[in-house]
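[1] Based on what follows, work out the 3D shape:
(2 chains)
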Amino acid sequence: MSDTEDRRFPTDDPAVVTCGLPYANGGIHVGHLRSFVGGDVFSRALEKVGQETAFVCGSDMHGTPIAVQAEREGRDPEELALRWHEEFTEQFPEFDVDFDNYGHTHDGTNTELTREFVRRWIDGDHVIEREIQVAWDPEVDQPLPDRFVEGTCPYCGETARGDECDEGCQRHLEPGEIVDPVSTITGNPAEYRSRTHEFLKLSDFQAYLQGFIDRLEGTDNARNQPREWIEGELEDLCITRDMDWGIDYPDGEDGEQDLVLYVWVDAPIEYVASTKQYSERVGTEEFDWREVWGGDGRDPERSDIVHVIGKDIIQHHTVFWPAMLRAAEYDEPRAVMACGWVTIDGKGLSTSRNRAVWAEEYLEEGFDADFLRYYLATAGGFQGDVDFAWDRFRERVNDELVGVVGNFIYRSLLFANRNFGGTPGADLSPEVEERIEDAIGEFRDGVDDYSVRDVGEAAVRLARFGNEYIQRNEPWKLDDEEAAPVIRDCVQVAKAVTVLAQPVIPSTAEEVWSTLGEPGSVDEVRLAAALEAPPAEFGEPTEPFEKVDPEHTEELAERLEERVAAASEADGAGADDEAEADADADGEAGEAEAAGDGDGADAGELEPLADDRISFEEFQDLDIRVGRIETVDPIEGADDLVKLTVDVGVETRQVVAGIKQLHDLNELPGKKVVLLANLEKAELFGVESNGMVLAAGEEADLLTTHGDAVPGEKIR
RNA sequence: AGCGGGAUGGGAUAGCCAGGAGAUUCCGGCGGGCUCAUAACCCGCAGAUCGGUGGUUCAAAUCCACCUCCCGCUACCA
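    Numbering: from 1, shown residues only, chains lettered A, B, ... in the order given. Here you go, the predicted model:
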């Protein structure tokens, strides 16, 4: 970031704005919507400043989560993914997220282009073949790529997924790295088999990426977070997987290999493919995708490619992706805008736990899409997290959008219409002209700073000025002749507000535009239109917005509260296996939740007794047994965890317990313990734990029996 | 432990990256105005040591160091 430099928008070249691909295995909620709205606002704003822009995206159809889900449901992955893809296609327009092209990664364009990328890598000698050990389920004789396998991270020892150490050090894991692999489908311990795979030599691009990251524009998090990777040792990226679902690896000669490309290979290429589809549809004279993506002899380090993503996929867009582009001799991204999460009560949304406000649900409640767009775009800085609360939503919409923006436009236009039948014939005052120019400047700065918020605020501030201005001049106390210049100014401000606000509230802006009697669409005009005279005649305006009913949001807040409570409960009880597919979905705040413990932990300070009573039946749901410890083995790499085998009469269970530092392990065998037998299985450090040994307090003081109860006896 | 992001008047946020008159906007509180406007809008007040400590500087919310506390991904007490 050699500072603001002089590379301001617009440039002479066409730009492309992309949004992180929604993953086609679940619905869209407000968290996802934030990055789509952000991208849409930004691309509209770019056009407002005169930048030729294509806004493209597509559904992410491949990858193991979809394959896993399809397998579980006994369905075809393509059919599964397409169903969601269709839904996305319908939902985006409802929020005025208006892509110039929306494709998907499984379509012909992407498939072809992806293969071409890979061929270029091969031709450029950036791909090497390597024998690696891949996880394999011996029982069903099936390879276990990525998230088909879980195990222990070789770096930090945490439980990890096959493709990343999601719970520990967050490292990206290459196939074959994970220790103690277990199949996520069958639960079988996996074994490693030797397979030949293809690798993109990221190491070829280390120096390049170091320069790239200094050049990259966008939000700070995107420019800083990857530095650790780029400045460290870059490992080569395995670009193939042993799977059926995906794009076949283009190996030319022997079509024998049943390898497909890693999902993160074909997913970002969809950005290019989708742009290409757009070009093909409108014609290259209108928009030439090659001018954006390169290969046209321009400086590849000076593109106008802007990626809008969620902060969970920063590395993919700032390390893998630029290397992939470079290796195929395409241009590099100019900017990456990584937005924060949308939270509820400060905690992340969760698809699998229904801890969310769904896109569909929002619309069903009858709210204006512009309201949510406004809220999401301006509630906080783009890279910060934004809390979604219905009452905050109502507050900001009613007080700012309706009260300030809508009200100003309405009162101005109504006054003008009643007294003058339109815009009075008078000159624009220098004060107002200057103020509008300032607003245009704020808007421009917002675009150049990649600040969606500032872009949105520019219009609101101008409207606020408008209210002050009309109040200060009190035209209602003046005769028509005196009032004319004031109203002329107000109508001009109202028009300017409409132009400036259009990227955020496109549909309302459009209505106001036609109320003003302006020809064409506000979507088409540029910022300069804010200072052009409004029509001399226009009809009676209607109120641009209808307020949000407080009772309505109150009710929704209650409903949401219940839903969140339900999610937390489900959560407190359960392990974290359900997290599987979420992380890829962009804008999704993975699964948080530490369930209430953690606090009151200090010795000497006892937790209060629980208020909620449970029924005897509920108690009986717990299958608690007497057990006898047979063997004790410390778990390698873990501080406290040990692997126990416990005789519970009917069988012997393997249980993991965190008691290593608190008990002399040698004394444990033979000790009787109390075991919760029907707790769901969990995996800790790659070791399965089938039950829970009960212990008291922080010290994990093991419970035992005083009499002669025998293993297997039920506690009642 | 690791990585990232924070800590600003009662609550929620902006400013800090390009350091300079004690600071934005929204809600809330108090008082006033106006009546064109969707009980809207406008004005004024209430007064906060801009998390702590030290440093750089003529000057720091804004830069540097250390610290504390939060939050997020996530965790070994299953």
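
[2] tell me the domain boundaries of chain A?
    Domain ranges of chain A: A:4-115+A:265-361, A:124-261, A:389-582, A:584-716, per automatic domain parsing.

[3] Looking at the ones you listed, which one is packed in the most?
    Of all those, domain A:4-115+A:265-361 has the most neighbours on average by mean count of other Cβ atoms under 10 Å, namely a mean of 21. Where you see a C-beta, it was placed from the backbone N, CA and C, and this is true even at glycine.

[4] Identify the residues contacting the residue lying closest to residue A:73 once chain neighbours are set aside.
    Among residues not flanking residue A:73 along the chain, residue A:80 sits closest, at 7.2 Å (Cβ to Cβ, 6 or more residues apart in numbering). Counting by Cβ atoms under 8 Å, 6 or more residues apart in numbering, residue A:80 touches A:24-25, A:66, A:69-70, A:73.

[5] From the residues you listed, which land in helices?
    Residues from these lying in helices, with DSSP state H as the criterion: A:66, A:69-70, A:73.

[6] In space, what's closest to residue A:116 - neighbours in sequence excluded?
    residue A:328 (7.7 Å).

[7] didn't that neighbour look like it was pressed against residue A:123?
    No. Judged on Cβ atoms under 8 Å, residue A:328 makes no contact with residue A:123 at a distance of 9.4 Å.

[8] pLDDT check: weakest of the ones in helices among the contacts of residue A:80?
    By pLDDT, residue A:69 ranks lowest within these, coming in at 83.

[9] Quickly note the distance from that residue to residue A:76.
    11 Å (Cβ to Cβ, to the nearest Å).

[10] repeat for residue A:412
    From residue A:412 to residue A:76 the distance is 57 Å (Cβ to Cβ).

[11] quick one: low-confidence parts of the stretch 151-300 of chain A?
    A:153-159, A:164-172, A:252-257, A:295-297 (pLDDT under 70).

[12] any chance you could map the helices in it?
    Here the stretch 151-300 of chain A has its helices, by DSSP state H, counting those that start in this stretch, at A:206-215, A:220-224, A:227-231, A:263-282, A:289-293.

[13] With RNA strand B as the reference, name the closest of the ones you listed.
    helix A:220-224 (4.6 Å; Cβ to the nearest atom of the strand).

[14] picking that back up, wait, which of the contacts of residue A:80 is closest to RNA strand B?
    residue A:25 (16.3 Å).

[15] isn't the closest one right up against residue A:82?
    No. With contact defined as Cβ under 8 Å, residue A:25 does not count as touching residue A:82 (11.4 Å).

[16] Point out the residues in the stretch 401-550 of chain A that sit beside RNA strand B.
    Residues of the stretch 401-550 of chain A found near RNA strand B (Cβ under 7 Å from any atom of the strand) are A:402-404, A:406-408, A:410-411, A:414-415, A:449, A:451, A:453, A:464, A:467-468, A:470-472, A:474, A:476-477, A:543-547.

[17] ok, now which ones touch the closest residue to residue A:457 other than its chain neighbours?
    Distance criterion Cβ to Cβ, 6+ apart; nearest residue to residue A:457, sequence neighbours excluded, is residue A:378 at 6.0 Å. By Cβ under 8 Å, 6+ apart, the contact set of residue A:378 is A:396, A:452-453, A:456-457, A:460, A:504.

[18] Quick check: pLDDT value at residue A:378.
    89.

[19] Equivalent analysis for residue A:612, please.
    56.

[20] now do the one 10 residues further on
    Predicted confidence (pLDDT) at residue A:622: the value is 78.

[21] do you know how far the nearest residue to it once chain neighbours are set aside is from RNA strand B?
    Spatially, and ignoring its direct neighbours in sequence, residue A:622 is nearest to residue A:676 (6.3 Å; Cβ to Cβ, 6+ apart). Taking Cβ to the nearest atom of the strand, to the nearest Å as the measure, residue A:676 falls 7 Å from RNA strand B.

[22] Which strand residues bridge residue A:676?
    residue A:624, residue A:692 (DSSP bridges).

[23] ok, it - contacts?
    A:622-624, A:691-694 are the contacts of residue A:676 under Cβ under 8 Å, 6+ apart.

[24] residues contacting residue A:212?
    Neighbouring residues of residue A:212 by Cβ under 8 Å, 6+ apart: A:301, A:318, A:322, A:332.

[25] Can you list which of those residues are found in strands?
    Among the contacts of residue A:212, no member is found in strands (DSSP state E).

[26] Now for those: which two are most distant?
    Greatest spatial distance in the contacts of residue A:212: A:301 and A:318, 14.6 Å, computed using Cβ to Cβ.

[27] quick one: low-confidence parts of the stretch 551-700 of chain A?
    Along the stretch 551-700 of chain A, the model assigns pLDDT under 70 to residues A:567-618, A:634-641, A:659-666, A:680-687, A:696-700.

[28] do stretch A:62-74 and RNA strand B meet?
    No. Shown here: stretch A:62-74 not in contact with RNA strand B (Cβ under 7 Å from any atom of the strand), separated by at least 13.6 Å.

[29] Run the chain-centre distance for that stretch.
    The chain centroid and the centroid of stretch A:62-74 are separated by 20 Å under Cα atoms, centre = their mean, to the nearest Å.

[30] what residue ranges in the stretch 351-500 of chain A score low on pLDDT?
    A:352.

[31] where exactly do the helices run in it?
    Assigned by DSSP H, counting those that start in this stretch, the helices in the stretch 351-500 of chain A fall at A:359-364, A:369-378, A:390-396, A:407-420, A:430-448, A:452-473, A:480-501.

[32] Using TSV, please lay out the ones you listed together with distance to residue A:531.
    Output for those, formatted as TSV (distance: least, Cβ to Cβ, whole Å):
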stretch	distance to residue A:531
helix A:359-364	36
helix A:369-378	24
helix A:390-396	29
helix A:407-420	16
helix A:430-448	6
helix A:452-473	12
helix A:480-501	7
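
[33] closest to residue A:655 out of these?
    Short answer: helix A:359-364, nearest of the helices of the stretch 351-500 of chain A by Cβ to Cβ, at 41.7 Å.

[34] Touching the closest one from outside, list them.
    A:27-30, A:32-33, A:91, A:94-95, A:369, A:372.

[35] ok, back up a step: farthest pair in the ones in helices among the contacts of residue A:80?
    A:66 and A:73 (10.6 Å).

[36] I'd guessed residue A:367 sits against residue A:547; true?
    No. The criterion here is Cβ under 8 Å, and residue A:367 misses it with residue A:547 at 11.2 Å.

[37] Surely residue A:136 and residue A:143 touch.
    Yes. Contact criterion Cβ under 8 Å: residue A:136 and residue A:143 qualify, at 5.5 Å.

[38] Need the overlap of contacts for these two.
    residue A:193.

[39] Look at the residue nearest to residue A:73 and report its pLDDT.
    For residue A:80, the model assigns a pLDDT of 93.

[40] Which helix or strand contains it?
    If you go by DSSP states H and E, residue A:80 is part of helix A:77-94.

[41] What ranges does the stretch 101-250 of chain A have for its strands?
    Using DSSP state E, counting those that start in this stretch, the strands found in the stretch 101-250 of chain A span residues A:101-104, A:127-137, A:142-143, A:149-152, A:159-161, A:179-183, A:191-200, A:217-218, A:237-238, A:240-242.

[42] Of those strands, give the one that comes closest to RNA strand B.
    If you check each of those against RNA strand B by Cβ to the nearest atom of the strand, strand A:159-161 wins as the nearest, at 5.1 Å.
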